[in-house]
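In: Mind folding the following:
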Amino acid sequence: MHAAAWAFEVGAVRCLALLDGVSRLDNARMLRRFPDATEADYRQAYRQLGLNYDEAASSLNVLLMRLGGETVLVDSGEGGKPHGGHLPRSLAQAGVHPAEVTLIVVTHSHGDHVQGLLNEHQQPAFPAARYVMNAAEWEWWAARTAADPAQRAIAAMMKGSGLQLIADREEILPGLQALPLPGHTPGHIGLRLTSYGAELLHLADLLHSPMQFVRPDWSAAFDHDKAAAATTRARALAEAADAGALVFFYHLAFPGLGRVARKGTAFWWEEAQRSA
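Out: This next block holds a predicted model:
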């Protein structure tokens, strides 16, 4: 699967799930991602979810919302380095021009979320957009990328285009609130969108594999603080299940949209079905 767009609504807000890319996760890659478990553990978790471990993959799912006169994009994919780069074609498939995007919320600063902000000519991929990021994340990113010219260029472009640094749980737009999800990175955020009694929780990189519904205590090797990530994951999954809200994940199989349910001491993922 390459370019793809999935339209849905949250109350009066029109939304699109947009695919930037998919990467296959063979057993060697999975072992690097989750070194504290084994292939047997992985297979058991996939079986519990009714999934085939041999088909494990990671998607890059980007959310677009039409909200309060704004066209809001959440993250930008990885710009073709190494598995993504299909976001421009997914936008075109949905009939959206990059110049329509007025606001980009960056959930965190990892490359697969920000590299798509610059095009192949190192110009803004979304020329009319301004940016929102958690203030703690921005500070951490600035220190981490001091020796990385590519990342510094992205950060400088954001700052020059209009950057709003927000606090935990700050309202970004009416009906759109930041959700702190610390652990994956220090300032990692999700979003809560509410409209006419409907709710969407964008939980970003709260998890990187469906296995983590069964084992929320498993943290990926690239989580900055694995213990904090596990605590955040258990809390956020419980809150999502109890709220019955529609949920969006960045790395689950496209469109990354569905609902979380409790199953004993673990959780279950109910994928959304496209409306007729």
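In: which SS class is the nearest residue to Arg215 once chain neighbours are set aside?
Out: Take Arg215 and drop its neighbours on the chain: the residue closest to it by CB to CB, 6 or more residues apart in numbering is Ala45, 5.8 Å away. To be clear about C-beta, it is placed using only N, CA and C from the backbone, and glycine gets the same treatment. At Ala45 the chain is in helix, as set by DSSP: H, G, I helix; E, B strand; the rest coil.
In: what about the helices in the stretch 51-200 of the chain?
Out: Taking DSSP state H, counting those that start in this stretch, the helices of the stretch 51-200 of the chain run over residues 87-93, 111-114, 135-144, 149-162.
In: in which helix or strand would I find Trp269?
Out: In the assignment (DSSP states H and E), Trp269 maps to strand 266-271.
In: Can you give the contact residues for that strand?
Out: In this structure, residues lying in contact with strand 266-271 by CB atoms under 8 Å, 6 or more residues apart in numbering are 48-49, 210, 213-216, 237-238, 241, 252-253, 257-262.
In: change it to 7 Å
Out: If you take CB atoms under 7 Å, 6 or more residues apart in numbering as the criterion, strand 266-271 is touched by 49, 210, 213-214, 216, 237, 241, 258-261.
In: Tell me which of these fall in strands.
Out: 258-261 (DSSP state E).
In: filter those residues to the buried ones?
Out: Among those, those buried by neighbour count (16 or more other CB atoms under 10 Å) are 258-260.
In: helix, strand or coil for Asp36?
Out: With three-state DSSP as the basis, Asp36 sits in coil.
In: in its sheet, what does the strand holding Trp269 sit against?
Out: Sheet pairing of strand 266-271 (DSSP bridges) gives strand 257-263 (antiparallel).
In: related to what we said a few turns ago, correct me if wrong: the residue nearest to Arg215 contacts Asp217.
Out: No. At 11.5 Å, Ala45 does not count as touching Asp217 under the criterion of CB atoms under 7 Å.
In: Between the two, point out the one with more neighbours.
Out: Ala45 (22 against 15; other CB atoms under 10 Å).
In: so how far does stretch 192-206 reach from one end to the other?
Out: With CA to CA, to the nearest Å as the measure, stretch 192-206 spans 14 Å from end to end.
In: what's the distance between that stretch and the middle of its chain?
Out: Once both centres are worked out by CA atoms, centre = their mean, to the nearest Å, stretch 192-206 turns out to sit 12 Å from its chain's centre.
In: for it, which positions count as buried?
Out: If you call a residue buried by 16+ other CB under 10 Å, then stretch 192-206 has these buried ones: 192-195, 199-206.
In: Turn these into a markdown table, including distance to Arg29 and pLDDT.
Out: Output for the buried residues of stretch 192-206, formatted as a markdown table (distance: CB to CB, whole Å; pLDDT from 0 to 100):
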| residue | distance to Arg29 | pLDDT |
| --- | --- | --- |
| Arg192 | 32 | 98 |
| Leu193 | 32 | 98 |
| Thr194 | 37 | 98 |
| Ser195 | 38 | 98 |
| Glu199 | 34 | 98 |
| Leu200 | 30 | 98 |
| Leu201 | 28 | 98 |
| His202 | 25 | 98 |
| Leu203 | 22 | 98 |
| Ala204 | 21 | 98 |
| Asp205 | 16 | 98 |
| Leu206 | 20 | 98 |
